[in-house]
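1. Just a sequence and a predicted model for now, questions to come.
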Amino acid sequence: MNILSQIRDRFRPALANLTEGVDPLLEMIRPSQDASFGDYQANCAMPLGKQLGLPPREVAQRLIDGLNVDDFCDPPEIAGPGFINLRLKSDWLIAQLVAALSDTRLGVDTTDSPDVVVIDYSSPNVAKPMHVGHIRSTVIGDCLARVLRHLGHQVIGDNHLGDWGTQFGMIIYGYKHFVEDAAYQENPVMELSRLYQRVNRLIEFHAGKRNLPLRDQKVAQLEEQVDTQLSVCRDADEKQKKKQEKVLRKLQSQLAQTRKERDGLAEKLSQVTTDPELLRVAEEHQDIGEAVLQETVRLHAGDETNLALWNEFLPKCREEIQRVYERLDIHFDVEYGESFYHEQLAQVVDQFLESGLARESEGAICVFLEDWDAPMIIRKKDGAYLYATTDLATIRYRMDTWQPDLMLYVVDHRQSEHFSKLFTAAASWVESEVEFRHIGFGTVLGRDGRPYRTRSGDTVGLENLLDEAVAKAHAVVVDNDQRKPEPEMSEEERMQVARVVGHGAIKYADLSHNRTSDYEFDTDKMLALEGNTATYLQYSYARVQSIFRRAEVDARRQSQQVTTFDLGHAAERALALQLLRFSEALEEVLVDFRPNQLTDYLFKLAQMYSVFFEHCPVLKAETDGLRHSRLALSDLTSRTMQQGLALLGIEVVERM
RNA sequence: GCGCCCAUAGCUCAGCUGGAUAGAGCAACGGACUUCUAAUCCGUAGGUCGCAGGUUCGAAUCCUGCUGGGCGUACCA
């Protein structure tokens, strides 16, 4: 049962009497922002009045005349320029609550038109440990999968692992030249990660050495141009001044940009030059960039040594990543990495060539698309394939295997152009009604507004962050428990609570932001256990459990048998209405695939429960009837909270 | 050069695709623990929604221009 949908269904015939094309008008029915206007409001009389050439208030009256909502709403009221305000009848609210009480789905229906949805998310590069940058795709994708599934869609979660690209060329090269056997025996993944970083640094060093002089030159050139332009501006007459100053600003911003690039290169260089040992190694590996590409080519060509190394590394790398997924309770239906599609790439390119969708240009096989200057390259001039090729092969495979209605890619928004091209190219290739969507998200920034990194410039390991979150939560749990007259928890339970709270904090920090914006965190803020956090929601759940524990009789059973509610207190009514909006919140998530719609809903629910908790004693309610009603409201709140958090991938604890 | 995105309270962010007086959380200040968990609640203060035009009954939201920032842009993913 979805209140908003029901109201819209009732408005549909009333609107159809007056006009055509009612769908956009139905969209204008929504929850009221201000409770004093009622529970829901219809804003469609104003535009309709314009369309019909009638005063909006008169249109509103006609709408109401044709509207049948008596069974669940008070008589509608017209306000202001023509708003129609609706207030739900308490009897009806009560009946809905009673129904939800005995429903394991809490009144949330499954969809009438289930889709088959493939979600591509997380997709880390397995050659290095997961870092903070991976968390968004993983957590958002997991949440969307859970919500879609809960609403009755068939979901295939696919972890499109980066297990075949240049990064493996890098660790293969690193292994051949720099491996320390003892370290590799001790902890192979850590050693491989070290090798990756080392090779990466050396490549960047040589690239930097080549490019730095060019940058320096460019900086000098721009400095000169800025100087010249400064004097031009000084000498310009009033008419020309504005124009010339604009040119100046442009140059200055170019200069700043180029300086930034140069400083970035210089920093990469100094990482090597300040380390004599590394510098010596760098000298010995002048052609490392090209050599790494060759290792990758050999791997792809089936070279025995490289393939053997890859077969040795891959399970270890995947195990490492799997450990993080276990901790975070993330599960995929399939994990076909890029390597899975390797055999199919040649065929993809052939098909594109044969159908005329692609052609050769400057030695590369390119798909030229109408809206872009640069083509999408599907085979390099050296014969190697690219991620665009793999992505196309992946689409073909998914179409053949699952015939999905929808394919979601939960990937960093910086790749939006790649996906636009990919989807355009794929659309004319697969000839199907399938819808593609890039679910982009912003970058996780540090306090300096730059991508989140440690002081030394490395990315922050995800496991360290999780450990930190759990440790911090543990300290709070212990502190809290010890302050009670009688500490309640064993060390084991404290650890369990800390784990749930710590991991929840990290997931929630991510999901509660609008996915499209970049967001900034420092660990303190991310791990804050107050305010709009998972902890606050988990706390409201635990408080309900505490009430049930303290009740002498089997209060849970009692609450489940409640047949009526008392919503006399404003806090009770507000809580009740919020509970009945769970379904709206879930559907709102899927409108634009935004999990923060659900976190917002749950946060408001928790706030409303807190207000209720302050003002409405449950166990000491004046009458048995009121006590039962409040127990049942508490029960519904805790179940909604648990289910809502579960859909975010966050657990609850019985006490904290 | 071209393209995409962003600018909302001191800070971090919401704002449901055009609705009524722009909201939270931190931080600040003032209150509330003999009463079901104070990881909480109540209150105060804090805003020319980057700037300038336009569209209309009505704009943080849509359009145009400007300013400032981020990202991408032919063989990395």
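-> Perfect, thanks for sending it.

2. Please count neighbours and contacts with C-alpha atoms only from this point.
-> OK.

3. Determine the number of other residues adjacent to the residue in the stretch 301-450 of chain A that RNA strand B sits nearest to.
-> At 2.9 Å from RNA strand B, residue A:380 is the closest residue in the stretch 301-450 of chain A, using C-alpha to the nearest atom of the strand. Number of residues near residue A:380 (other C-alpha atoms under 10 Å) recorded here: 16.

4. pretty sure it is touching residue A:361, no?
-> No. With contacts counted by C-alpha atoms under 8 Å, residue A:380 stays clear of residue A:361, the gap being 10.0 Å.

5. Return the residues in contact with whichever residue of the stretch 101-250 of chain A sits closest to RNA strand B.
-> Nearest to RNA strand B, among the residues of the stretch 101-250 of chain A, is residue A:165, at 4.9 Å (C-alpha to the nearest atom of the strand). By C-alpha atoms under 8 Å, 6 or more residues apart in numbering, the contact list for residue A:165 reads A:296, A:338.

6. what does residue A:390 give?
-> By C-alpha under 8 Å, 6+ apart, the residues touching residue A:390 are A:338, A:341-342, A:345.

7. Within the helices and strands, which one has it?
-> helix A:387-402 (DSSP states H and E).

8. and the gap between residue A:524 and residue A:505?
-> As judged by C-alpha to C-alpha, to the nearest Å, residue A:524 and residue A:505 stand 11 Å apart.

9. of the two, who's got more company?
-> residue A:505 (28 against 11).

10. Per-residue pLDDT of the closest residue to that one other than its chain neighbours, please?
-> Leaving out its chain neighbours, the residue that sits closest to residue A:505 by C-alpha to C-alpha, 6 or more residues apart in numbering is residue A:534, at 5.3 Å. The confidence metric pLDDT takes the value 96 at residue A:534.

11. Hmm, residue A:511 and residue A:534 touching each other?
-> No. Residue A:534 sits out of contact with residue A:511 when judged by C-alpha under 8 Å, with a separation of 10.1 Å.

12. Give me the phi and psi angles of the residue of the stretch 101-250 of chain A closest to RNA strand B.
-> Dihedral pair for residue A:165: phi -90, psi -160, per degrees, to the nearest 10.

13. Now do it, the pLDDT please.
-> At residue A:165 the predicted local distance difference test score is 85.

14. Kindly export the helix holding residue A:390 (C-alpha atoms) in CSV.
-> What follows is helix A:387-402, C-alpha atoms only, in CSV (Å, rounded to 0.1, in the frame of the first residue of the first chain):
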residue,chain,number,x,y,z
TYR,A,387,38.0,-1.5,-21.9
ALA,A,388,35.5,-0.3,-24.5
THR,A,389,35.9,-3.6,-26.3
THR,A,390,35.5,-5.5,-23.1
ASP,A,391,32.4,-3.5,-22.1
LEU,A,392,30.8,-4.3,-25.5
ALA,A,393,31.6,-8.0,-25.1
THR,A,394,30.1,-7.8,-21.6
ILE,A,395,26.9,-6.2,-22.9
ARG,A,396,26.6,-8.9,-25.6
TYR,A,397,27.1,-11.7,-23.0
ARG,A,398,24.5,-10.2,-20.6
MET,A,399,22.0,-9.8,-23.4
ASP,A,400,22.4,-13.4,-24.5
THR,A,401,22.4,-14.8,-20.9
TRP,A,402,19.7,-12.8,-19.1
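
15. May I see the buried residues of that helix?
-> A:387-396, A:399 (16 or more other C-alpha atoms under 10 Å).

16. TSV for these, including pLDDT and distance to RNA strand B?
-> Output for the buried residues of helix A:387-402, formatted as TSV (pLDDT from 0 to 100; distance: C-alpha to the nearest atom of the strand, whole Å):
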residue	pLDDT	distance to RNA strand B
A:387	91	4
A:388	95	7
A:389	96	8
A:390	96	8
A:391	96	9
A:392	97	12
A:393	97	13
A:394	97	12
A:395	97	15
A:396	96	17
A:399	96	20
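
17. Among the residues you listed, which one sits closest to residue A:551?
-> Within the buried residues of helix A:387-402, proximity to residue A:551 (C-alpha to C-alpha) peaks at residue A:399, which comes in at 55.2 Å.

18. Need phi/psi at the residue nearest to residue A:399 when sequence neighbours are not counted.
-> Spatial nearest neighbour of residue A:399, chain neighbours left out: residue A:430 (7.9 Å); criterion: C-alpha to C-alpha, 6+ apart. The phi/psi pair for residue A:430 (degrees, to the nearest 10) reads phi -90, psi -20.

19. Also residue A:364?
-> Taking degrees, to the nearest 10 as the convention, residue A:364 sits at phi -100, psi 150.

20. Leaving out chain neighbours, which residue sits closest to it?
-> residue A:381 (4.3 Å).

21. interface residues of the stretch 551-656 of chain A facing RNA strand B?
-> A:588, A:592, A:596-597, A:600, A:607, A:610-620, A:654-656 (C-alpha under 7 Å from any atom of the strand).

22. my read: the residue nearest to residue A:364 touches residue A:360, true?
-> No. Residue A:381 is beyond contact range of residue A:360, at 9.2 Å (criterion: C-alpha under 8 Å).

23. who's more crowded, residue A:534 and residue A:511?
-> residue A:534 (31 against 22).

24. tell me the contacts of the more buried one?
-> Residue A:534 touches A:501, A:504-505, A:508-509, A:650, counting by C-alpha under 8 Å, 6+ apart.

25. List the contacts of the residue nearest to residue A:444 when sequence neighbours are not counted.
-> Of all residues not flanking residue A:444 in the chain, residue A:519 sits nearest, at 5.4 Å (C-alpha to C-alpha, 6+ apart). By C-alpha under 8 Å, 6+ apart, the residues touching residue A:519 are A:442-445, A:513.

26. Remind me which helix or strand the residue lying closest to residue A:108 once chain neighbours are set aside belongs to.
-> Leaving out its chain neighbours, the residue that sits closest to residue A:108 by C-alpha to C-alpha, 6+ apart is residue A:583, at 5.1 Å. Counting by DSSP H and E, the element that carries residue A:583 is helix A:582-592.

27. Could you list the buried residues of that helix?
-> A:582-589.

28. Alongside RNA strand B, which residues does the stretch 251-400 of chain A contribute?
-> A:253, A:361-364, A:366, A:373-375, A:377, A:379-382, A:384-388.

29. Just the buried ones from those?
-> By neighbour count, with 16+ other C-alpha under 10 Å, these hold A:364, A:366, A:375, A:377, A:379-380, A:384-385, A:387-388 as buried.

30. Identify, from the residues you listed, the entry nearest to residue A:192.
-> Nearest to residue A:192 out of these is residue A:387 (C-alpha to C-alpha; 23.0 Å).

31. Could you check how far the closest residue to the closest one other than its chain neighbours is from residue A:120?
-> Counting by C-alpha to C-alpha, 6+ apart, residue A:378 is the residue found nearest to residue A:387 once chain neighbours are left out, at 7.9 Å. Counting by C-alpha to C-alpha, the separation of residue A:378 from residue A:120 is 20 Å.

32. repeat for residue A:611
-> If you go by C-alpha to C-alpha, the gap between residue A:611 and residue A:120 works out to 40 Å.

33. One more: residue A:489?
-> According to C-alpha to C-alpha, residue A:489 stands 41 Å off from residue A:120.

34. For those two, indicate the residue with more neighbours.
-> Neighbour count, other C-alpha under 10 Å: between residue A:489 and residue A:120, residue A:120 has more, with 27 against 16.

35. what bridges to the more buried one?
-> residue A:158, residue A:409 (DSSP bridges).

36. How about residue A:359?
-> residue A:366.

37. so it makes contact with residue A:365?
-> Yes. Using C-alpha under 8 Å, residue A:359 is in contact with residue A:365, at 5.5 Å.

38. ok, these two, which is more surrounded?
-> Between residue A:359 and residue A:365, counted using other C-alpha under 10 Å, the more crowded position is residue A:365 (23 against 18).

39. Can you give me the pLDDT of that one?
-> With respect to pLDDT, residue A:365 scores 96.

40. Also the one 10 residues further on?
-> Turning to residue A:375, the model gives it a pLDDT of 94.

41. Torsion angles phi and psi at it?
-> Dihedral angles (degrees, to the nearest 10) for residue A:375: phi -80, psi 170.
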